[in-house]
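# Fold the following.
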Amino acid sequence: MKIKLIVFFCIIAFITMAGIFIYQNTRAVKKGLPLNISFWHWGSELDIDQYTVKKLNSLKMVPLFIKVGTFDVDNQGRIVIIRDFQPRNISLLTQIPIHIVYPFSPDFISNFKRLDNEHIANSLLKNVQNDLNALKMRGIVVKGVQFDFDCPTSRLEKYSSILRIIRQQLDTKYKLSITSLITWLKKREFKKLISNVDFYVPMIFGYKLPETRQEKAPIIEINILKKAIKQCARLGVPFYVGLPIYGYCLVYDESGNLHSMHTSFDLDTVTESPYVTLNKAYKMGIREEVAAGEKDYNGTNRYIFTINKPLFLQGSIFYPDWQLVFEVISQEGLKKYLALVKECRDNMKGVLLFRYPSTKDNLILGVEEITDIQSSPQVAIKSIAKDNNLFIFEVEVKNSTQTPTMVSKKDNFIQVNIGKGRFKDIQAGNFDGIEAFYQSKTQLIKTTLSRANVIRLYEYYLDRGEVLQGGPITVLGSEKPEVTWHFITPGNFDQKEVYGKWLD
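Alright, predicted model coming up:
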């Protein structure tokens with residue numbers, strides 16, 4: 001009997017130790033898993049080429065979640081679909097797995113309460129099935145169906161009933177998913193809602209658009225992101241984290257009220273316009289409006305311009321005393337968001353980025369920016385002529401890092417120091433401005449070119465991929481000029497960031 005008990009306890013001990021070993025190793029593997037990153041594609045045209053297809057596949061940044069149509073309600077109360085996705089190069093999608101996504105119009109949301117559940121489910125299913133059949137005929141692999149429905153929180157139970165019908169009738173080879181508002185996460189009905197889907201995507205951004213200049217509502221808030229991830233992890237259903245990579249320009253009228261929002265305005269064009277003044281440029285903080293340092297950085301940068309004369313931008317006119325407020329997410333900001341997401345592995349499948357950039361989107365991080373995060377622009381000095389008393393040279397700045405600089409009238413520059421010589425001639429090229437200084441032992445004093453021993457070539461905003469050419473710069477009676485440079489990148493808090501010297 002004793003021998004049997006000993007054997008029994010040995011078996012129990014072995015099973016327990018094996019379980020602990022398997023758990024710890026599984027946990028270690030889970031922690032080491034790479035973070036899956038995918039995009040929502042929201043444009044009517046597919047801004048994608050063969051190179052991007054290969055890059056997305058090689059980096060496993062697939063599947064793409066593509067908006068194919070918007071559900072609406074017409075004047076007779078019928079559910080209809082607006083098909084606004086008509087890409088010319090749709091054949092490229094045969095090389096990438098996709099999920100098809102359906103947002104819902106404001107009219108659909110306002111009519112949702114009175115529409116019959118069976119009628120809604122059957123109408124959605126009919127249109128979805130038509131799209132699935134059409135895409136299959138073109139050789140496109142569809143992995144799932146997603147509904148992007150901003151359901152009123154009070155109607156989550158109705159939404160749950162509709163999803164249950166759809167899940168029962170939709171072929172199980174397709175993953176069914178939904179997006180969700182962060183206001184739903186605490187609701188008892190939400191857990192019931194997500195029991196009908198394979199996974200869900202909480203949209204942890206864009207909670208509120210500032211209606212006046214005084215309101216401060218950033219695109220994303222670090223503390224809300226942390227809290228939402230923890231809430232989702234406890235619900236026990238797989239989820240992706242929805243993160244933003246877009247920026248926008250908010251236009252406020254002379255009274256400080258929101259006039260319009262734009263995602264395609266070019267920050268470089270606005271910065272160089274003589275009809276606007278840059279009032280403020282800063283990195284937004286987590287605790288305060290302006291970041292106190294790297295740890296307090298919210299990941300977004302804000303630029304505030306005041307319009308001085310009537311300004312035409314992309315077919316619209318804006319008036320004096322109006323303000324343009326740009327808010328842009330930086331690469332360093334995205335790195336910070338992804339690092340927070342990586343800390344959570346419970347039920348988290350990966351990240352969905354809103355949204356894949358089109359050629360018209362100037363304020364959205366691109367694939368290269370997300371995958372190739374570097375630090376500084378490159379500067380090259382080209383000698384044209386030199387002897388003991390003459391130096392002629394050109395300066396080239398190339399921003400091949402995919403990281404634009406901060407907008408600044410004074411902080412992004414090339415500096416030429418000539419000691420005891422004098423400047424004979426300077427051509428600014430395509431730099432935005434030039435200033436001459438006299439450098440004493442204690443200070444830098446603004447002066448005329450004839451008295452200067454230092455000049456600066458300024459670039460207010462060095463965009464990703466931008467190339468600047470300055471010169472020829474002609475210097476007489478000097479030792480070899482010293483050339484240094486200084487650029488402020490969006491996520492860097494060291495003001496002495498990038499310096500270099502001219503070396504032959």
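
# Quick check: phi and psi on Ile224?
Ile224 adopts backbone torsions of phi -70, psi -40, taken as degrees, to the nearest 10.

# Do I have it right that it meets Met203?
No. With contact defined as Cβ atoms under 8 Å, Ile224 does not count as touching Met203 (11.3 Å). In short, each C-beta sits where N, CA and C put it, glycine included.

# So what's the model's average confidence on stretch 130-149?
In this model, stretch 130-149 carries a mean pLDDT of 94.

# So which bits of it are buried?
Under the neighbour-count criterion of 16 or more other Cβ atoms under 10 Å, stretch 130-149 has Asp131, Leu132, Leu135, Ile140, Val142, Gly144, Val145, Gln146, Phe147, Asp148, Phe149 buried.

# what about Ile109, how many neighbours?
Residues lying near Ile109 (other Cβ atoms under 10 Å) number 16.

# Find the nearest non-adjacent residue to it, please.
Of all residues not flanking Ile109 in the chain, Asp150 sits nearest, at 6.2 Å (Cβ to Cβ, 6 or more residues apart in numbering).

# Would you state the strands of the stretch 101-250 of the chain in chain order?
Secondary structure of the stretch 101-250 of the chain (DSSP state E, counting those that start in this stretch): strands at 142-148, 175-180, 199-202, 239-244, 248-252.

# can you redo those as CSV with distance to Gln323?
Below are those laid out as CSV (distance: least, Cβ to Cβ, whole Å):
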stretch, distance to Gln323
strand 142-148, 31
strand 175-180, 32
strand 199-202, 32
strand 239-244, 22
strand 248-252, 5
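
# and Lys382, bridged to which residues?
With DSSP bridges as the criterion, Lys382 is bridged to Glu394.

# Tell me the secondary structure of the closest residue to Val276 other than its chain neighbours, please.
In space, and not counting its chain neighbours, Val276 is closest to Phe305: 4.4 Å by Cβ to Cβ, 6+ apart. What DSSP: H, G, I helix; E, B strand; the rest coil gives for Phe305 is strand.

# Who are the contact partners of Phe305?
Shown in contact with Phe305 (Cβ atoms under 8 Å, 6 or more residues apart in numbering): Val270, Val276, Thr277, Leu278, Asn279, Gln323, Leu324, Val325, Phe326.

# Now do the helix or strand encompassing the last one, average pLDDT.
In this case it means Phe326. Remark: Phe326 resides in strand 323-329, with elements defined by DSSP states H and E. Strand 323-329 shows a mean pLDDT of 94.

# Select, out of the strands of the stretch 101-250 of the chain, the one closest to Leu156.
strand 175-180 (9.5 Å; Cβ to Cβ).

# Which strands and helices lie in contact with that closest one?
For strand 175-180, the packing partners by 3 or more Cβ pairs under 8 Å, 6 or more residues apart in numbering; DSSP states H and E come out as strand 142-148, helix 156-169, helix 188-194, strand 199-202.

# any idea which of those is most buried?
strand 199-202 (a mean of 23; mean count of other Cβ atoms under 10 Å).

# hmm, who's touching that strand?
146, 175, 177-182, 185, 194, 228, 232, 237-242, 349, 352.

# Now which of the residues you listed would you call buried?
By neighbour count, with 16+ other Cβ under 10 Å, the contacts of strand 199-202 hold 146, 175, 177-182, 185, 194, 228, 232, 237-242, 349, 352 as buried.

# ok, back up a step: greatest separation within the buried residues of stretch 130-149: which pair is it?
Spanning the widest gap among the buried residues of stretch 130-149 are Ile140 and Phe149, at 23.7 Å by Cβ to Cβ.

# Quick check: which of the strands of the stretch 101-250 of the chain is nearest to Gly285?
In terms of Cβ to Cβ, the element of the strands of the stretch 101-250 of the chain nearest to Gly285 is strand 239-244, at 17.8 Å.

# hmm, back to that, measure the residue nearest to Val276 to Ser330 for me?
Separation of Phe305 from Ser330 (Cβ to Cβ, to the nearest Å): 19 Å.

# same deal with Gly144?
Gly144 is 31 Å from Ser330, where distance means Cβ to Cβ.

# likewise Val251?
Distance from Val251 to Ser330, by Cβ to Cβ: 22 Å.

# who's in contact with Asp198?
Contact analysis of Asp198 by Cβ under 8 Å, 6+ apart lists Gly144, Lys175, Leu176, Ser177, Pro238.

# Count the neighbours of the residue nearest to Val290 when sequence neighbours are not counted for me.
Residue nearest to Val290 in three dimensions, not counting chain neighbours: Tyr282, with 4.7 Å by Cβ to Cβ, 6+ apart. By other Cβ under 10 Å, 13 other residues sit near Tyr282.

# Counting by contacts, list what the strand or helix carrying Tyr282 packs against.
Secondary structure assignment for Tyr282, by DSSP H and E: strand 276-285. Using 3+ Cβ pairs under 8 Å, 6+ apart, the elements in contact with strand 276-285 are strand 297-307, strand 323-329.

# Mind listing residues that contact the very next helix or strand once past the first one?
Toward the C-terminus, strand 297-307 is succeeded by strand 311-313 as the next helix or strand (DSSP H and E). Here strand 311-313 makes contact (Cβ under 8 Å, 6+ apart) with His262, Phe265, Thr269, Val270, Ser273, Tyr275, Val276, Ile317, Phe318, Tyr319.

# Those residues in strands, which ones?
Per DSSP state E, strands hold the following members of these: His262, Val276, Ile317, Phe318.

# Give me the buried subset of these.
Buried residues within the ones in strands among the contacts of strand 311-313, counting neighbours by 16+ other Cβ under 10 Å: His262, Val276, Phe318.

# Pop the domain breakdown of this protein in here.
Recorded structural domains for the chain (assignment: automatic domain parsing) are 1-32, 36-245+329-371, 378-486.

# need those domains in TSV with distance to Leu258, can you?
Formatted as TSV, the domains of the chain follow (distance: least, Cβ to Cβ, whole Å):
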stretch	distance to Leu258
domain 1-32	44
domain 36-245+329-371	5
domain 378-486	21
